[in-house]
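# Turn this into a model:
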Amino acid sequence: MFLLCIFITICTSSYGQKRSYLFIGAEAEILNNPEPWANIFDDYNAYHSEFDITTQQKPVMPLYVPSFMMGFKIHSWFTSFGANAHFVRYKTFASGTDFENVAYDKEMIYYHNGLSVHLHVNWINTNYFRTGPGIGIMLDQYKMRITDNTIEEFSTTYPVDRALVLGRAYYSISFCGPKFNFDIIGFYNIPFHTLNLRTFNERLNDEYHTDYPTEELEFKPTVIGITVAIGLGSRDNYDF
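Alright, predicted model coming up:
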């Protein structure tokens, strides 16, 4: 985080007196490595389908994971530098009545929050339209949470809680001029580490979990996604 802050300060200083924007937007990401999650949820659903008296809700894999982002961008000639904070969250539920006639209500939450910095090169660069590729680096805190809310108890556990460094490749399309920007950005996250979901599997599936080989529960958070953001320009922006 310290190195990211230094990088942001240096780049912001070098881009002084150029067009700057504050952004807010929405993102959606698709997991490229959902198999570890699928193994865990399939085991959970198979057990409860067989032994529950009733099963009202089953946990499911997401088609995509939504998120919220906010940040800034500084545009200078054929390049753009920016940084943003993002908040990614997916929640799935399980509920029913088990074979002991006890009702259960459980939720599983996957989320990661963090900071990213990025640099774009605009192949096409005009006052009102810009497009080109970019690269970035991210520092994210990944968490998996299990909340068990039954008649007898309320408890929350964090089977996974780890900070990861990731690279990100971009391609951006930016419309409008000095006062307002509308950006559409495709991205691909490349993690430098993995998350082991063994503890998550043992906590969720408790006494009936499957002892998978380590590689089958290694989750690599490689994702492809899209960002749609609106930026408001600074009063100091100017045409060039």
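# Could you use CA atoms for every contact and neighbour count after this?
Will do.
# in the protein, which helix or strand is least confident?
Lowest by mean pLDDT, DSSP states H and E among the helices and strands of the chain is helix 2-14, with a mean of 45.
# which other helices and strands contact the next helix or strand after that one?
Where DSSP states H and E defines the elements, the next helix or strand beyond helix 2-14 is strand 19-31. Under the contact criterion of 3 or more C-alpha pairs under 8 Å, 6 or more residues apart in numbering; DSSP states H and E, strand 19-31 touches strand 65-76, strand 223-233.
# Just send those back as TSV, with mean pLDDT, distance to Y208 and mean neighbour count too.
Putting those into TSV (pLDDT from 0 to 100; distance: least, C-alpha to C-alpha, whole Å; neighbours: other C-alpha atoms under 10 Å) gives the following:
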stretch	mean pLDDT	distance to Y208	mean neighbour count
strand 65-76	90	28	20
strand 223-233	92	30	19
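# can you put those strands in a markdown table and add distance to Y171?
Formatted as a markdown table, those follow (distance: least, C-alpha to C-alpha, whole Å):
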| stretch | distance to Y171 |
| --- | --- |
| strand 65-76 | 15 |
| strand 223-233 | 10 |
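# Quick check: which of those is nearest to N84?
strand 65-76 (3.8 Å; C-alpha to C-alpha).
# Paired strands for the closest one, with orientation please.
Partner strands and pairing direction for strand 65-76 (DSSP bridges) are strand 19-31 (antiparallel), strand 79-97 (antiparallel).
# Now do the buried residues in the longest one.
This means strand 79-97. 79-91, 93-97 (16 or more other C-alpha atoms under 10 Å).
# do the same with stretch 170-177
Neighbour count says stretch 170-177 has Y170, Y171, S172, I173, S174, F175, G177 buried, by 16+ other C-alpha under 10 Å.
# What separation is there between T214 and T194?
12 Å (C-alpha to C-alpha, to the nearest Å).
# and if you look at A94?
Counting by C-alpha to C-alpha, the gap from A94 to T194 is 26 Å.
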